[in-house]
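>>> model the structure of this input:
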Amino acid sequence: PISVEGYNTVILSWVAAMKYVGMSKYSEDLTYSDDVPESMNDASLEDGVVEPLPRRVEEIFREFKMNLSQGVFPPLQIIHDPNVGFTTVALEDIKKHTVIAEYVGEVTTVEHTAGSSSDSLMFLLSTGDNSTSLMIDPTATGNIARFLSGINNRSNLSRKNANVRTRRFVIDGQCRVALFTSRRITAGETLHYDYNAGIEGKSLDEWKEAGFYDTSNFF
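As a prediction, the model looks like this:
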């Protein structure tokens, strides 16, 4: 288990980073509103393919969420680099296929995010209709997930840096997004993942329309 000193380092770094970017609330759950109620996150409306987790993996995910509710956090420190912004670093070795976060924030529609300047939006539910397709926006509310570094999709060298993957899945009839390690991570290593995973070959205009980003300026 992480030491008391390490635990304090984790917590203090998270609090400092969230305050710095102007977040108003820390949360480990998706946040809904009167405009976008929880009932809109209905996995049966998905027009693509989103599958439930295997039973054992679902159990692990639920255990992970329970641990978070009891104050047991992954050994991840958020560090501010004046050259590249915020990065997330492992304080201890982390095994391959370890869940490190659920991507959470305020749930909104694709339609409502059309003019958003946020660089941290995540697709949650695709219904084929922008007024009912859902996005996760961690601008004001969220957790550590928004602070992981992205990669440059168009650089093979940068893509090799990816050591975390996202998975959109169904649980309790709703779509959720989890982040997990795609290989063993050693202490001191920076975490990277592909913000646009799953849309290789799309044009920049198609990326923007779908709520994804041009990552050509990423390292």
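
>>> could you use CA atoms for every contact and neighbour count after this?
Fine.

>>> buried set for stretch 134-148?
Buried residues in stretch 134-148, counting neighbours by 16 or more other C-alpha atoms under 10 Å, are found at 134-139, 141-148.

>>> what would these look like in a markdown table with secondary structure, pLDDT and distance to residue 189?
Converted to a markdown table, the buried residues of stretch 134-148 look like this (DSSP: H, G, I helix; E, B strand; the rest coil; pLDDT from 0 to 100; distance: C-alpha to C-alpha, whole Å):
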| residue | secondary structure | pLDDT | distance to residue 189 |
| --- | --- | --- | --- |
| 134 | strand | 96 | 32 |
| 135 | strand | 94 | 29 |
| 136 | strand | 95 | 27 |
| 137 | strand | 95 | 26 |
| 138 | coil | 95 | 24 |
| 139 | coil | 94 | 25 |
| 141 | strand | 96 | 26 |
| 142 | strand | 96 | 23 |
| 143 | coil | 97 | 20 |
| 144 | helix | 96 | 16 |
| 145 | helix | 95 | 16 |
| 146 | helix | 93 | 17 |
| 147 | helix | 95 | 14 |
| 148 | coil | 93 | 12 |
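
>>> give the contact list for residue 142.
Shown in contact with residue 142 (C-alpha atoms under 8 Å, 6 or more residues apart in numbering): 23, 25-29, 103-106.

>>> contact partners for the nearest residue to it once chain neighbours are set aside?
Spatial nearest neighbour of residue 142, excluding adjacent residues (C-alpha to C-alpha, 6 or more residues apart in numbering): residue 105 at 4.4 Å. Neighbouring residues of residue 105 by C-alpha under 8 Å, 6+ apart: 27, 29-31, 136-143.

>>> repeat that with 7 Å
Counting by C-alpha atoms under 7 Å, 6 or more residues apart in numbering, residue 105 makes contact with 30-31, 136-138, 141-142.

>>> ok, residue 149 next?
By C-alpha under 7 Å, 6+ apart, the contact set of residue 149 is 87, 191-193.

>>> which of the buried residues of stretch 134-148 lies closest to residue 76?
Distance to residue 76 across the buried residues of stretch 134-148 (C-alpha to C-alpha) is lowest for residue 144, with 8.5 Å.
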